[in-house]
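Novice: Next one to model:
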Amino acid sequence: MMAPQPEVRRYVIPLDVHKEEQGKNLVSLPYTTATAVMHADGMIWLEPEVLFSGPRQAFEFPQINYQRYGGKNYTYAYGLGLNHFIPDRICKLNVKTKETWVWQEPESYPSEPLFVQTPDGVDEDDGKSTAIKVK
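Specialist: The predicted model follows:
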């Protein structure tokens, strides 16, 4: 209970900043509540959007469908779920709706997930998030 509670956070870093935008939220993306505000000294203060937070539930080694969505707007992220520091599940997170799905089996301890695209897949999540299962 003493360990910090893990969260998946989205930060948005503005790339085109002008001094006259001081005090305003520089994030104009419609799909996030993350903010970036320039202070009088030119420093930009970032506040994240929390995408996932669960008591004693982690989301480690995040992956996306990099083959098709690397550097692009994506919807799904996959991660290794831990409970009390023991990896025991694979999680799928919709970063837009914050909905999560979990794969878990008794006595199974997966490793880092890797997304494998279905060869003729059309949708972003057409494929499998695979992991080596250790029993």
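Novice: switch to C-alpha atoms for all contacts and neighbour counts from now on
Specialist: Will do.
Novice: Trp13 is in contact with Ala36, isn't it?
Specialist: One thing to correct before we go on: residue 13 is Ile, not Trp. Yes. Using C-alpha atoms under 8 Å, Ile13 is in contact with Ala36, at 7.0 Å.
Novice: How much space separates Ser108 from Leu82?
Specialist: Distance of Ser108 to Leu82, computed by C-alpha to C-alpha, to the nearest Å: 12 Å.
Novice: list residues touching both of these two?
Specialist: By C-alpha atoms under 8 Å, 6 or more residues apart in numbering, Ser108 and Leu82 have these common neighbours: 88-89.
Novice: need the helix or strand of this structure with the lowest average pLDDT.
Specialist: Across the helices and strands of the chain, mean pLDDT, DSSP states H and E gives its lowest value to strand 133-134, namely a mean of 46.
Novice: Point out where the chain drops to low pLDDT.
Specialist: Scanning the chain for pLDDT under 70 picks out 1-4, 55-56, 128-135.
Novice: what are the ranges of the strands in it?
Specialist: Secondary structure of the chain (DSSP state E): strands located at 7-10, 35-38, 44-47, 49-53, 57-63, 76-83, 86-94, 100-103, 109-110, 114-117, 127-130, 133-134.
Novice: Show me what counts as buried in the fourth one.
Specialist: If you call a residue buried by 16 or more other C-alpha atoms under 10 Å, then strand 49-53 has these buried ones: 49-52.
Novice: And for the longest one?
Specialist: Of all the residues in strand 86-94, those buried under the rule 16+ other C-alpha under 10 Å are 87-94.
Novice: For Tyr109, give the beta-bridge partners.
Specialist: Applying DSSP bridges to Tyr109 yields these beta-bridge partners: Val134.
Novice: Now do the shared contacts for Ile13 and Ala36.
Specialist: Overlap of the contact sets of Ile13 and Ala36 (by C-alpha under 8 Å, 6+ apart) consists of 27, 46.
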